[in-house]
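# need a structure here:
(one chain, ligands or ions: 1)
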Amino acid sequence: MYKKMSVEEKILISHTEKNTDLLGPYRRFVIWVHGCCFDCEGCLAESTKNGVYTETDIRDLAEDILSSETEGITISGGEPFLQARALFGLITLLKKIKDIGVIIYSGFTLEELQKDDDSRNLLSVTDILIDGRYIKELDDGRAYIGSSNQRLHYLSDRYKEIGKTYYSAEKRRAEIKFTLDKAVLIGVPSGNVLEVWRKIKEKSGGDICDF
Ligand code: SF4
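All right, here's what the predicted structure looks like:
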């Protein structure tokens, strides 16, 4: 389906979800990339650092995304900008075929990312960046964002209108999804959901949990 490109063509992925509105407006395809260079206390994505992952060709992933009929993608992790070149390649492929929206959660700040060429390329195809490390003490319960130091940047106009409503929601929304061999926490959880999630993890000994 796609021509060979002179970018990194493999991406390390911990998990994907095809159809959710818990990490951005409209129905989204969410990619949790594997690997992170930070060590935030209270990180809710430990499995993206220590758990299983797959190495996926960006063309296969693009086909998967395009068959999902979602409005756009959200990339979380893990730290997406550690794989900036592969993600830029993926988004470039997608945009040749469909005008998809792109939201990225990163532990780096926008200012840090702007110093790096590959990161700047990825930012150039990103509509919303939610940036900064998660700081447990600054977790203020804001919907869709982990702690108050983290900022939402509109890098294009695409979501500016819908974003006013979506990101000003009063409550956090998240869900715990069970598959045959794992449980997946999707979204930024409230204290109640987090409590349930912790109990599931304790009871399973961590065996069935992904994030
Ligand atoms: S940046 Fe995100 S994934 Fe990485 S340690 Fe911090 S909370 Fe966890």
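
# Contacts only, for the residue sitting nearest the centre point of the chain.
Nearest residue to the geometric centre of the chain (C-alpha atoms, centre = their mean): Ser76, 1.8 Å. By C-beta atoms under 8 Å, 6 or more residues apart in numbering, the contact list for Ser76 reads 23, 30-33, 45, 104-105. The C-beta positions use only the backbone N, C-alpha and C, and glycine is treated the same way.

# Per-residue pLDDT of it, please?
Ser76 is assigned 97 on the pLDDT scale.

# ok, now the one 10 residues further on?
Looking at Ala86, its pLDDT reads 97.

# I figured it hits Lys10, correct?
Yes. Under the criterion of C-beta atoms under 8 Å, Ala86 makes contact with Lys10 at 6.4 Å.

# Starting from Asp99, give me the distance back to Arg142.
Relative to Asp99, Arg142 is positioned 29 Å away (C-beta to C-beta, to the nearest Å).

# So those two - more neighbours on which side?
More crowded of Arg142 and Asp99, by other C-beta atoms under 10 Å: Arg142, with 19 against 9.

# If you drop the residues flanking it in sequence, what lies closest to that one?
Residue nearest to Arg142 in three dimensions, not counting chain neighbours: Ser148, with 6.8 Å by C-beta to C-beta, 6 or more residues apart in numbering.

# Look up how far Leu129 lies from the one you found.
For Ser148, the distance to Leu129 equals 17 Å [C-beta to C-beta].
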